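> Got a predicted structure plus its sequence, pasted below:
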Amino acid sequence: MKAASERAAGESAPRIAMLGGTFDPVHLGHLRSAVELHEALGLDRVHMMPAARPPLRGEPRITPEERLSLLRLGIGDTPGLIADPRELEREGPSYSADTLAELRREFGPEARLVMALGHDAFLRLADWHAPERLFSLAHLVVVDRPDHEADLPGPLAELIDGREVETPAALMASPAGGLLRLRLPSRMAISATEVRRRLAEGRSVRYLLPEAVEERILSAGLYRR
């Protein structure tokens with residue numbers, strides 16, 4: 001695998017990614033992106049973290065505990081993917097900088113720490129809590145989506161100025177501070193909003209969700225109107 005062969009820099013340092021979101025509910029797009037991120041960056045682990053109270057989004061439709069349970073069902077025994085509950089166990093809003101600080105303490109100063117986010121979230125990065133702090137703690141990897149193409153807002157362009165690199169190898173040459181835009185092979189344009197709408201209308205969500213997640217949602221009557 002090419003990504004694994006590019007690990008000359010920081011060979012012994014852990015490679016850890018944080019992939020946050022509401023996961024309301026987790027769907028195959030989330031999970032396939034996590035698997036392909038793991039492969040593309042030669043990661044050791046991808047921590048998928050449901051947000052308890054996302055500061056820039058509305059309240060999720062179901063409880064944090066239910067979303068975590070669905071995430072665990074979706075991941076199953078997939079190697080390298082972990083359902084991480086730490087944001088649900090912390091009081092207050094789910095600030096990514098606080099989560100990255102916890103991961104940095106856990107894995108050490110030389111760990112290659114990555115925060116992955118979609119292009120839609122990336123466009124609002126300058127509005128996040130302490131956005132400059134994110135780069136002092138981790139690299140950012142922007143996962144492009146097929147339906148998201150837009151110019152960068154001025155404050156965002158200033159925030160990332162001089163940070164962008166072209167390859168995973170260049171990103172992993174240091175523990176933090178870089179930005180990589182990554183196009184994953186599958187680029188599955190599945191929308192959790194559309195999944196919730198279909199569930200509320202009693203329409204099929206087959207092949208949008210992992211089978212175990214679909215079964216739990218339907219049996220428990222989640223996301224009904």
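Thanks, I have the structure now.

> Can you list the residue ranges for helices in this structure?
Counting by DSSP state H, the chain has helices at residues 2-5, 28-40, 64-75, 96-107, 119-122, 131-137, 154-160, 168-171, 192-200, 211-220.

> nearest to Arg183, of those helices?
helix 28-40 (9.3 Å; Cβ to Cβ). Just so you know, the C-beta spots here come from the backbone N, C-alpha and C atoms, and that holds for glycine as well.

> now the helices of the chain in TSV, with distance to Arg181, mean neighbour count and mean pLDDT?
Below are the helices of the chain laid out as TSV (distance: least, Cβ to Cβ, whole Å; neighbours: other Cβ atoms under 10 Å; pLDDT from 0 to 100):
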stretch	distance to Arg181	mean neighbour count	mean pLDDT
helix 2-5	16	11	47
helix 28-40	12	20	96
helix 64-75	26	21	96
helix 96-107	18	18	96
helix 119-122	8	16	88
helix 131-137	15	17	97
helix 154-160	10	14	95
helix 168-171	11	20	97
helix 192-200	22	17	95
helix 211-220	29	16	97
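
> got a list of what Leu117 touches?
By Cβ atoms under 8 Å, 6 or more residues apart in numbering, the contact list for Leu117 reads 20, 125, 140-143.

> do that again at 10 Å, thanks
Contact analysis of Leu117 by Cβ atoms under 10 Å, 6 or more residues apart in numbering lists 18-21, 96, 123-125, 128, 134, 140-143.

> just Leu103 next, same as before
Per Cβ under 10 Å, 6+ apart, neighbours of Leu103: 14, 16-18, 47, 49, 84, 86, 111, 113-115, 137-138.

> And for Leu180?
40-41, 114, 116, 139-143, 163-168, 170-172.

> ok, now with 7 Å
139, 141, 165, 168, 171 (Cβ atoms under 7 Å, 6 or more residues apart in numbering).

> about what we covered before: of the contacts of Leu103, closest to His30?
Nearest member of these to His30, counting by Cβ to Cβ, is Met49, at 11.5 Å.

> can I get the contacts of Leu103 in JSON lines with distance to Ser204?
Shown next, in JSON lines, are these (distance: Cβ to Cβ, whole Å):
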{"residue": "Pro14", "distance to Ser204": "41"}
{"residue": "Ile16", "distance to Ser204": "37"}
{"residue": "Ala17", "distance to Ser204": "32"}
{"residue": "Met18", "distance to Ser204": "32"}
{"residue": "His47", "distance to Ser204": "31"}
{"residue": "Met49", "distance to Ser204": "29"}
{"residue": "Asp84", "distance to Ser204": "31"}
{"residue": "Arg86", "distance to Ser204": "34"}
{"residue": "Ala111", "distance to Ser204": "42"}
{"residue": "Leu113", "distance to Ser204": "39"}
{"residue": "Val114", "distance to Ser204": "35"}
{"residue": "Met115", "distance to Ser204": "34"}
{"residue": "Leu137", "distance to Ser204": "42"}
{"residue": "Ala138", "distance to Ser204": "38"}
